[in-house]
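1. test case, fold it:
(one chain, ligands or ions: 1)
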Amino acid sequence: MLAIIGGTGLTQLANLEISHRQVMRTPYGEPSGAITFGRLRQHEVMFLARHGYGHTIPPHEVNYRANLWALQEQGAKRIVSVASVGCIRADLAPGDIVVPDQIIDYTYGRDFTYFEGRDRLVTHIDFTRPYDQKLRLQVLEAARRASEPCFDGGVYAATQGPRLETAAEINRLERDGADMVGMTGMPEAALAKELGLTYAAIAVVVNHAAGRGSSKDGVRMESINAVAQPAMARVRNILECVVECDGG
Ligand code: HPA
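-> All right, here's what the predicted structure looks like:
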């Protein structure tokens, strides 16, 4: 079954016909909230709000391990994750939607692996391509069908938060090759890979990154909220087409 992880601005799916909610416990603790099960355009999906349904869990306190574990335990095989970002690359602007193809991880101090403890063999996942290419293409095709323009590819820089970046940090991220910056892309993508889940992301640009464009003198939360709302409505359209293409 396909699972959707919703980020800031996407704590529910408007057209989801909810069948039930499942509270879960995992060996890694509690997920961000109950998993919501339902039908979207006649297809079964599950949904989890990454920051909790009341949007109370900050990026560095999300229990990524419990979230992915719980989704897999409930039968998720494929995950489309939605996350808001600030844009760095010059051709991106607030309101744009990107399906990233690469990640640079700047996070620290998070529980970032299932492979720990001395009672198991050392395991290294291949992370050359952090997102599943087939699922990426499916999301892009869904966006085309939904007539929602979408950028194919981009480097997602995952920062620790919860504070936003300095202008100098954004310059550094750009020099590193990052196109966008967010706080939740890691360790989520790596953990999904460790569990063998098929995983892709939709990044929603909600602001210029610090020191750039409209954020030249600072990032304003009011404008983030104003951009996020209509952009997430477009993401919902794409997700409905993803679910349809997925065949349940
Ligand atoms: N920086 C980090 N995370 C973000 C941003 C940003 O500018 N916008 C949305 N999430």
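2. sec struct for the closest residue to the ligand within the chain, please.
-> Nearest to the ligand, among the residues of the chain, is residue 86, at 2.3 Å (C-beta to the nearest ligand atom). C-beta: built from backbone N, CA, C; applies to glycine. Classification of residue 86 using DSSP: H, G, I helix; E, B strand; the rest coil returns strand.
3. can you get me a residue count around the closest residue to it other than its chain neighbours?
-> Excluding the flanking residues, the one nearest residue 86 by C-beta to C-beta, 6 or more residues apart in numbering is residue 209, at 3.8 Å. Residue 209 has 30 neighbours, counted by other C-beta atoms under 10 Å.
4. wait, residue 209 sits on residue 168?
-> No - Residue 209 lies out of contact with residue 168 (C-beta atoms under 8 Å); the separation is 11.6 Å.
5. residue contacts, the residue of the chain closest to the ligand?
-> Residue 86 makes contacts with 164-165, 170, 180-182, 205-210, 212, 215, 219, as judged by C-beta atoms under 8 Å, 6 or more residues apart in numbering.
6. before we move on, what about residue 157?
-> Contacts here follow C-beta under 8 Å, 6+ apart; on that basis residue 157 touches 88, 103-104, 106, 173, 176, 178, 180-182.
7. how about a cut-off of 10 Å?
-> Shown in contact with residue 157 (C-beta atoms under 10 Å, 6 or more residues apart in numbering): 85-86, 88, 100, 102-107, 165, 169-170, 172-174, 176-183, 185-186, 209.
8. where's it, which helix or strand?
-> Element membership of residue 157, judged by DSSP states H and E, is strand 155-158.
9. cool, and residue 18?
-> Using DSSP H and E, residue 18 falls in strand 17-22.
10. now that strand: buried residues?
-> By neighbour count with 16 or more other C-beta atoms under 10 Å, strand 17-22 contains no buried residues.
11. ok, back up a step: could you flag which of the contacts of residue 157 are buried?
-> The neighbour-count test (16+ other C-beta under 10 Å) marks 85-86, 88, 100, 102-107, 165, 169-170, 173-174, 178-183, 185-186, 209 as buried among these.
12. take the residues you listed and keep only those in helices.
-> 169-170, 173-174 (DSSP state H).
13. I'd like those as a markdown table, with pLDDT and distance to the ligand appended.
-> Converted to a markdown table, these look like this (pLDDT from 0 to 100; distance: C-beta to the nearest ligand atom, whole Å):
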| residue | pLDDT | distance to the ligand |
| --- | --- | --- |
| 169 | 98 | 9 |
| 170 | 98 | 8 |
| 173 | 98 | 9 |
| 174 | 98 | 13 |
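14. format those as JSON lines; extra columns: distance to residue 243.
-> Compiled in JSON lines, those are given as follows (distance: C-beta to C-beta, whole Å):
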{"residue": "169", "distance to residue 243": "37"}
{"residue": "170", "distance to residue 243": "35"}
{"residue": "173", "distance to residue 243": "33"}
{"residue": "174", "distance to residue 243": "35"}
